[in-house]
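Trainee: Sequence plus the predicted model coming up.
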Amino acid sequence: MVSLSGGYVLGVDPDQVDAHRFRHPVAQAAQPLRADQERVGLLRQAFGLWRGQPLAGLPGPWATRARAAGISNGCRPPVVWAGAKHAWARSTGRSRR
């Protein structure tokens, strides 16, 4: 922890923060040239990290805004995952039309 003029900063390795570990595979899956099978795997990895409500039990306006942003950010990946899974199934002939 470092003291600054406006308060304190807690220095943490991003790999120790679940939100960063969630965002990384989601960002990789969003790359346009990513194969659908890889995209599905990366998003499955991200979903495996999602547990409950972000910042549960933490009061205050900042936590409320951060919680809302975390939830809305968590809504897009399932849609992308479903689309990639469907595209992958169609490309391998596993789709049930």
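Mentor: Structure received. Not measured: the values here are computed from a predicted model. Numbers count the residues shown, from 1 in each chain.
Trainee: What about the closest residue to Q53 other than its chain neighbours, how many residues nearby?
Mentor: In space, Q53 comes closest to R67 once its chain neighbours are excluded; the distance is 6.5 Å by C-beta to C-beta, 6 or more residues apart in numbering. (C-beta placed from N, C-alpha, C; glycine too.) The tally of other residues near R67 (other C-beta atoms under 10 Å) stands at 15.
Trainee: and R67, which of the three is it?
Mentor: helix (DSSP: H, G, I helix; E, B strand; the rest coil).
Trainee: For it, give me its contacts.
Mentor: Contact partners of R67, counting by C-beta atoms under 8 Å, 6 or more residues apart in numbering, are Q53, P54, L55, L58.
Trainee: For burial, what's the neighbour tally of the second one?
Mentor: The criterion is other C-beta under 10 Å. On that basis, P54 has 19 neighbouring residues.
Trainee: a helix runs through it, doesn't it?
Mentor: No - assignment of P54 by three-state DSSP gives coil, placing it outside any helix.
Trainee: What are the boundaries of the helices in this protein?
Mentor: 18-29, 36-47, 61-91 (DSSP state H).
Trainee: tell me the mean pLDDT over the first one?
Mentor: Summarised as a single mean, pLDDT over helix 18-29 is 83.
Trainee: Give me the buried stretch members for it, please.
Mentor: The neighbour-count check on helix 18-29 (16 or more other C-beta atoms under 10 Å) flags A19, F22, R23, H24, P25, V26, Q28, A29 as buried.
Trainee: Reformat those as TSV; add distance to A46.
Mentor: What follows is the buried residues of helix 18-29, written out as TSV (distance: C-beta to C-beta, whole Å):
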residue	distance to A46
A19	11
F22	5
R23	8
H24	8
P25	4
V26	5
Q28	9
A29	7
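Trainee: Thank you, goodbye.
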